[in-house]
Structures are given as C-alpha cells and as structure tokens.
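Q: Sequence below, structure please.
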Amino acid sequence: ALSCDYLSACTGSRKPNEGKISGGWEMEDLGKEDEHGNNNPDVHSFQAQRLDWKSVLNAPNTVIFNSAGSYISSTLAATSLAALHGLDGAAAGVCMNLYVTHANVKTSAPPHTDKQDVLVVQTQGRKRWRVYSPPDSSFNSELDPFKRGKGTDSLTLDMLKRENSELILDVTLHPGDTLFVPARFPHTTDTLDCYGDQEEDAVRSFEKKNWSMHLTIGLDSHVWNLNYNSMRTLALRSHGIHDVLLQQTAHNFDRNMDMCVGRVNRLSNNLREGLYSSVDDTMLSFHSKNDDPSSPKLAYSMEKLASNLLSFHDRTNLECGWEDELDQSLTFEQCLQTIIQFQNVGQKIA
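A: You can find the predicted model right below:
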C-alpha cells in the first residue's frame with residue numbers, strides 16, 4: 001500500500017552544526033534510491049519519484065508517512081472517520097500518521113512538543129515513550145510551547161529539568177497498546193533495549209518483524225486555534241479593543257492567533273493553562289448542529305463559554321496592569337458573539 005499510494009515520505013533528524021548536533025527536530029524528504037543507493041532529486045517523473053521499500057529499509061531514522069489515513073484510504077480511512085465521529089466534537093478534525101522505526105535506535109524522536117493532542121496506537125514491534133509535564137514557558141517566553149524542540153529550538157532533557165518539567169510517564173508500548181499525549185507535553189522516543197535478554201539476538205538481526213510501527217491520531221483543535229487564547233484575540237480584534245498581549249509588529253500581527261509567544265507565556269501558570277485549553281465539546285458537537293438554537297441546554301453551555309472567556313480576559317488585564325476604558329471594555333455580549341462565530345467555523349471544519 002505504501003509503494004502504491006506514496007510519492008515520498010519523510011524522516012526526522014537534528015542538523016549538525018560545526019560537528020555538533022544543534023537545533024530541534026526537523027523533517028526532510030525521504031527520496032527514492034537508485035540501484036547504487038543514491039537519491040536523484042533531478043528526476044521528476046511520477047514513477048521515478050515514487051517511494052520504494054529500499055528507501056525505507058535504508059533510512060537512518062524514523063520514517064514518517066504523514067496523512068496516512070488519507071493516502072492509505074482503503075485501510076485507514078475508516079479508522080480516521082471512526083475516531084472523528086467517536087470524539088463527537090472534541091476536536092475540529094483528525095490527522096493520522098504512520099511511523100516506522102528500526103529496532104535498537106537510541107533516539108527515534110528527540111524531546112519535542114506538538115500542537116495536536118495525539119493518540120498513539122502501537123501496531124507492530126515495541127517503542128519506549130517518555131512523556132513530561134509542560135515546561136514553565138516563562139523561562140523562554142519567546143518560544144511557542146506548542147512547537148518546542150522543532151526548527152531552531154534545541155530542547156534537551158537537561159533543559160526540561162531547568163524549566164520545571166517533570167517526567168510523568170516512562171513506558172514501552174507493545175502491539176495493541178495505546179497512549180494519549182496532550183498538546184504541549186514534551187515527549188521523546190526510542191527503540192533501544194525494548195526487548196529482554198532472551199530476545200537480544202532477534203533484535204540485533206534487525207528483522208522487519210522487530211521494527212516499531214505505530215499510528216498517531218492527531219486531534220487538531222489547536223491547529224485550528226479553537227482555544228480561549230485565540231477566541232480572546234479574535235474578540236478584541238473584532239471589536240477594536242486594545243489587546244495587552246498583542247505584539248504589534250508588522251512581522252507577526254496577522255499571525256498573532258497562530259503564535260503563543262511573548263507576554264502570554266509570562267502570565268501566571270493557572271491563567272496561562274486556562275487560555276491554552278481547548279474549548280469543550282459543546283462548540284463542535286455533531287449533535288449540537290441539529291439542536292434548537294434556543295434550547296435552554298445549548299444556551300446555557302454557550303453562556304458558560306462566554307463567561308469563561310470574559311473571565312480570562314479580565315484576569316489577563318489585571319495581571320498585566322491594564323484597565324480598559326469604560327467605553328472600550330469587552331462585554332459579555334461581545335464574548336457570546338465570538339463564541340457563536342467560533343462554533344460556526346468549528347462545525348464547518350468538523
């Protein structure tokens with residue numbers, strides 16, 4: 001199925017700089033190899049660029065098949081749809097990826113965070129996962145807590161310790177095991193010493209049956225900015241109210257709802273956690289699409305979300321020492337309008 005459906009996959013790596021590994025985890029294409037084991041990026045025909053198993057077999061690290069739920073539709077599409085409908089609005093969408101890793105790899109993924117909540121399903125072999133609590137983002141407020149350990153941000157276990165991040169789970173997944181990793185929770189993986197001594201010879205043989213294969217079902221609520229922080233930004237921008245958290249530069253104004261950097265990361269931990277929390281399933285539930293908009297149950301849920309949003313805004317201003325002018329203060333009605341707007345967009349995505 002992979003060789004038929006994929007033109008290419010990618011593999012994760014950390015780039016060397018002057019002989020030292022620096023920066024975060026980056027993806028690079030895994031191209032097709034010729035008979036001499038070389039990639040030829042100058043060949044652009046469909047057949048020449050189609051991924052083959054030789055490239056997978058010779059990959060130095062984890063091979064990642066992004067959006068496998070869509071590309072291997074005959075096998076995985078039903079699983080993706082079942083996950084989406086089973087969540088019933090807890091996420092705006094799901095994205096299923098497939099990861100393939102040799103046995104005995106010391107670091108298959110260095111410490112990093114993701115923007116999605118991720119459900120891991122181990123399908124073959126074994127893989128060790130270490131999951132940590134979110135670091136205190138006030139230590140590096142200009143780094144997005146949803147993208148730590150990626151791009152130019154080198155995140156190490158020592159750095160996690162210095163930023164008050166604690167190991168909360170150290171587990172080896174076997175076929176059939178599942179694991180839930182929330183967004184912003186750093187994690188690192190390996191396939192080293194995942195088998196007992198009696199299986200050592202089998203592991204060293206690197207037979208395909210000992211490779212680790214797992215699926216990840218990513219819940220995309222934060223990808224679509226369906227959280228209180230983004231709702232607050234939209235409410236203030238829509239009604240022309242000053243945003244004390246906004247870094248007004250030409251570089252990032254339009255992308256402010258995508259970025260969780262700067263002053264928001266210096267708020268108290270409790271408030272920051274509230275702003276970064278995704279909205280509850282009232283907003284996106286498939287059932288609520290057919291509910292009477294005037295039903296007391298739905299109205300109460302929407303009013304509760306609006307009250308939470310207004311409370312987060314008032315607490316943010318208080319912590320930042322900002323007081324809105326009387327005629328330029330966010331109101332409950334404006335918060336409710338924003339909640340309804342987010343609900344309409346979220347349901348279209350879902």
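
Q: From here on, just use CA atoms for contacts and neighbour counts.
A: Will do.

Q: Which residue is the nearest non-sequential neighbour of H214?
A: Q122 (4.3 Å; Cα to Cα, 6 or more residues apart in numbering).

Q: helix, strand or coil for the one you found?
A: When classified by DSSP: H, G, I helix; E, B strand; the rest coil, Q122 comes out as strand.

Q: list the contacts for it?
A: Contacts of Q122 were listed using Cα atoms under 8 Å, 6 or more residues apart in numbering, and they are L173, H174, P175, G176, D177, T178, S212, M213, H214, L215.

Q: mind running it again at 6 Å?
A: Shown in contact with Q122 (Cα atoms under 6 Å, 6 or more residues apart in numbering): P175, G176, D177, H214.

Q: who touches R232 in this structure?
A: R232 neighbours (Cα under 6 Å, 6+ apart): none.

Q: Report whether it is found in a strand, as I expect.
A: No. Counting by three-state DSSP, R232 is not part of a strand but helix.

Q: now it: how far from L98?
A: 35 Å (Cα to Cα, to the nearest Å).

Q: quick one on the thing from earlier: of the contacts of Q122, buried ones?
A: H214 (16 or more other Cα atoms under 10 Å).

Q: Now intersect the contacts of Q122 with the helices, please.
A: Secondary structure from DSSP state H places none of the contacts of Q122 in helices.

Q: ok, back up a step: so what pLDDT did the residue nearest to H214 get?
A: What the model reports for Q122 is a pLDDT of 96.

Q: what does D258 give?
A: 61.

Q: and if you look at the one 5 residues further on?
A: The confidence metric pLDDT takes the value 90 at R263.

Q: all helices for the stretch 251-350 of the chain, in order.
A: Under the criterion DSSP state H, counting those that start in this stretch, the stretch 251-350 of the chain contains helices at 269-276, 296-320, 332-349.

Q: will you turn these into JSON lines that also has distance to A83 and mean neighbour count?
A: Output for the helices of the stretch 251-350 of the chain, formatted as JSON lines (distance: least, Cα to Cα, whole Å; neighbours: other Cα atoms under 10 Å):
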{"stretch": "helix 269-276", "distance to A83": "23", "mean neighbour count": "17"}
{"stretch": "helix 296-320", "distance to A83": "24", "mean neighbour count": "17"}
{"stretch": "helix 332-349", "distance to A83": "15", "mean neighbour count": "18"}
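
Q: Lowest mean pLDDT across those helices, which one is that?
A: Across those, helix 332-349 gives the lowest mean pLDDT, at a mean of 82.

Q: helices or strands next to that helix in the packing?
A: On a contact count with 3 or more Cα pairs under 6 Å, 6 or more residues apart in numbering; DSSP states H and E, helix 332-349 meets no helix or strand.

Q: I'd like to check the angle between it and helix 296-320, please.
A: 110 degrees (axes from the mean of the first three to the mean of the last three Cα atoms, to 10 degrees).

Q: which residues of the stretch 1-150 of the chain fall in helices?
A: 2-5, 46-49, 53-57, 68-71, 73-87.

Q: and the ones you listed, which one's lowest on average pLDDT?
A: helix 46-49 (a mean of 55).

Q: Distance across stretch 145-162, terminal residue to terminal residue?
A: So stretch 145-162: terminal residues 15 Å apart, Cα to Cα.

Q: ugh, typo on my part, it should be stretch 322-339
A: 24 Å.

Q: which other residues reach it?
A: A235, I241, A306.

Q: Report the secondary structure element holding the first one.
A: Read it as A235. helix 228-238 (DSSP states H and E).

Q: okay, the angle between that helix and helix 269-276?
A: 70 degrees.

Q: in helix 228-238, what's buried?
A: So, applying 16+ other Cα under 10 Å, buried residues of helix 228-238: Y228, N229, S230, M231, R232, T233, L234, A235, L236.

Q: do you know how far the third one is from N164?
A: Right, S230. Taking Cα to Cα, one finds S230 at 26 Å from N164.

Q: Could you do the last one as well?
A: With distances defined as Cα to Cα, the gap from L236 to N164 amounts to 32 Å.

Q: in the stretch 1-150 of the chain, which ranges drop under the pLDDT threshold?
A: 1-5, 7, 15-23, 31-50, 86-92 (pLDDT under 70).

Q: Need the contacts of stretch 322-339 in TSV (columns: distance to N58).
A: TSV is the format used below for the contacts of stretch 322-339 (distance: Cα to Cα, whole Å):
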residue	distance to N58
A235	51
I241	56
A306	53
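
Q: residues contacting V94?
A: Neighbours of V94 in contact, by Cα under 6 Å, 6+ apart: G218, L219, D220.

Q: Please flag which of those sit within strands.
A: G218, L219 (DSSP state E).

Q: Please tell me which one of the contacts of V94 counts the most neighbours.
A: G218 (27 neighbours; other Cα atoms under 10 Å).

Q: Return the set of residues that bridge with it.
A: Beta bridges link G218 to C95, V118, judged by DSSP bridges.

Q: Low-confidence regions, the stretch 151-300 of the chain specifically.
A: Looking at the stretch 151-300 of the chain by pLDDT under 70, you get 196-209, 247-258, 280-294.
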